[in-house]
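# Let me see the structure of the following:
(one chain, ligands or ions: 1)
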Amino acid sequence: MSVRTLSSALLLLGLMAIATPVAATTLAIVGARVLPAPDVDPIDAGVVLVREGRIVAVGPAESVEVPADAEVVDARGATLTAGFWNSHVHFLAPVMSRAAPSAPEVLEAALAEMLGRWGFTTVFDLSSLQDDAAGVRARIESGEVAGPAILHVGAPFFPADGTPVYVRDRIEAAGGPSAEVADPAAGAARATRQIADGADGVKLFAGAIVGGEVGVQAMDIAVAQAVAGAARQAGKPVFAHPTNREGLEVALAAGVDVLTHVAPQAGVLDATMLERLHAADVALIPTLGLFEVELARERLPPDVVAQVLTTAVSQVRDYAAVGGTLLFGTDVGYIERADTGREYALLVDAGLDWRAILAMLTTAPAARFGQAEATGRVMPGMRADLVLLDGDPTRDPSAFADVRLTLREGRALYRKSSRRSRTDAGEDDGR
Ligand SMILES: [Zn+2]
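Numbering: from 1, shown residues only. From the prediction side, this is the model:
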């Protein structure tokens, strides 16, 4: 080993010693308005203590003592909530490729830009190519890069002759096998295999947009039931892409857990459909902003776009009114827009208040995906998955998109203005 490589190695060790949190250090977030959960009243000027990646104390300043050696985050003027879930994302960007891995700092910056910047500490990938979501997860969980907790569904299930028109090129370019399934037994076998290989759920295209004369290809009900049955047997959630009324019927017949989008093509949902979805305990991810982005890309006239959006918004409003579960999701990764501001504005249009939106971001997905004991609330014992917002979303829900700091298990995934990067750390060390 040359002197030069030896000194580089020592420098690296020094950096690692700085980056590794000392087990006994307490992080104290002081002065924020704390929103412990949607069903709990806010705490003004609260203190939250974090140790070893967990929340250890929460309360008003007068009742929580900050240890003298704590690292203090001055959070006055900000609002602290549990870390957000985005229950509909895709890891499709070239920097997220498993086959051609990008440098750690490049991947980390891309994850921060797409997710950490918007407060997401847990995400559900609803299918990527070539197992890329699993690849990104492995790099995060090994400690190589900072990023959110990732759940994923592996490869999707398309109807026979039902590969969606908007993914055909990507799938062909990736050279992957067909994700179409025509036979119930083959579908069940693939679902079982994918879950054994690490998938956290399955995704059915109950109605697939294929274009041309067919328009929307519905999945055969027996196939949908077989795939969903295999997932249920393994205790994993079933997602369905509904698209239209027939797709909603397939989703209901298969007993799915989550609809990945509203279905404006189905029109305004009548009371019977709303009740059937609610009785089946189906959760709905609106992805309202997606429709706006997609229809604008197709250059449809503004009045047509507005009409589709009005129908989409009405489905969210009506499902909330019957007590249906909503989960926050944006389809980021498929669409480029990472900014969540417009989605919050559309959810407000649907009549949702801050408590309903916070539930979609935290407690509802944590409960739906079996993690309610671990995350979703600012409460002692929970993982220190936290978001510090500039402004107060109880007064103006647009503040949900104005993130100052995102922590996953106490570790920063994003910090406004003084963004932490490997380069910055290196420069600091060299001084
Ligand atoms: Zn999607």
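# tell me which element the residue nearest the centre of the chain is part of?
The residue lying closest to the centre of the chain (Cα atoms, centre = their mean) is N86, at 1.9 Å. Following DSSP states H and E, one finds N86 within strand 84-89.
# Check whichever residue of the stretch 1-150 of the chain sits closest to the ion and give its pLDDT.
Residue nearest to the ion within the stretch 1-150 of the chain (Cβ to the ion): L126, separated by 5.0 Å. Any C-beta I mention is one placed from the backbone N, CA and C, and that applies to glycine too. Looking at L126, its pLDDT is 97.
# For burial, what's the neighbour tally of it?
The number of residues packed near L126 is 26, by other Cβ atoms under 10 Å.
# For V202, grab phi and psi.
Main-chain torsions, V202, degrees, to the nearest 10: phi -130, psi 160.
# residue contacts, it?
153-154, 157, 191, 194-195, 227-228, 230-231, 236, 238-239 (Cβ atoms under 8 Å, 6 or more residues apart in numbering).
# Leaving out the residues flanking it, which one is nearest to it?
Distances taken as Cβ to Cβ, 6 or more residues apart in numbering place A231 nearest to V202, at 4.5 Å, with adjacent residues excluded.
# elements contacting the helix or strand hosting that neighbour?
Using DSSP H and E, A231 sits within helix 221-233. Judged by 3 or more Cβ pairs under 8 Å, 6 or more residues apart in numbering; DSSP states H and E, the packing partners of helix 221-233 are helix 184-196, strand 202-204, strand 238-240, helix 245-254.
# partners of the third one, with directions?
Spelled out, that is strand 238-240. Its sheet considered, strand 238-240 pairs with strand 202-204 (parallel), strand 258-259 (parallel) by DSSP bridges.
# in the protein, which helix or strand is least confident?
helix 422-430 (a mean of 37; mean pLDDT, DSSP states H and E).
# one step back: ok, so what distance separates the residue nearest to V202 from P67?
46 Å (Cβ to Cβ, to the nearest Å).
# quick one: F124 is in a strand?
Yes - counting by DSSP: H, G, I helix; E, B strand; the rest coil, F124 falls inside a strand.
# wouldn't it be in contact with A149 here?
No - the pair F124 / A149 is not scored as a contact, 9.8 Å apart, by Cβ atoms under 8 Å.
# higher neighbour count, those two?
Neighbours per residue, other Cβ under 10 Å: of F124 and A149, the larger number sits with F124, 28 against 21.
# hey, what's the more buried one bridged with?
Applying DSSP bridges, one finds that F124 bridges with L151.
# Might you report the residue contacts of it?
By Cβ under 8 Å, 6+ apart, the contact set of F124 is 85-89, 150-153, 200-201, 329, 365, 369.
# cool, T79 as well?
A32, R33, V34, L35, L388, L389, G391, D392, P393, T394, A399.
# in this protein, which ranges drop under the pLDDT threshold?
Confidence mapping of the chain against pLDDT under 70 gives the ranges 1-24, 418-431.
# ok so, going back, pretty sure the residue of the stretch 1-150 of the chain closest to the ion contacts A240?
No - L126 is beyond contact range of A240, at 10.4 Å (criterion: Cβ under 8 Å).
# Mutual contacts of these two, please.
Common contacts of L126 and A240 (Cβ under 8 Å, 6+ apart): K203, T260.
# and the protein, which residues reach the ion?
Contact residues, the chain versus the ion (Cβ under 5 Å from the ion): D331, Y334.
# could you pull out the helices for the chain?
Secondary structure of the chain, counting by DSSP state H: helices at 3-19, 104-114, 132-141, 168-174, 184-196, 221-233, 245-254, 271-279, 288-297, 302-321, 341-349, 354-361, 363-368, 422-430.
# same for the shortest one, what does it pack against?
Judged by 3+ Cβ pairs under 8 Å, 6+ apart, helix 363-368 is in contact with strand 84-89.
# got the CA coordinates for the strand it packs on in CSV?
In CSV, the C-alpha atoms belonging to strand 84-89 read as follows (Å, rounded to 0.1, in the frame of the first residue of the first chain):
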residue,chain,number,x,y,z
PHE,A,84,-44.6,10.3,5.3
TRP,A,85,-45.5,7.2,3.2
ASN,A,86,-45.7,7.5,-0.5
SER,A,87,-47.7,4.3,-1.3
HIS,A,88,-47.3,4.6,-5.1
VAL,A,89,-43.8,5.2,-6.5
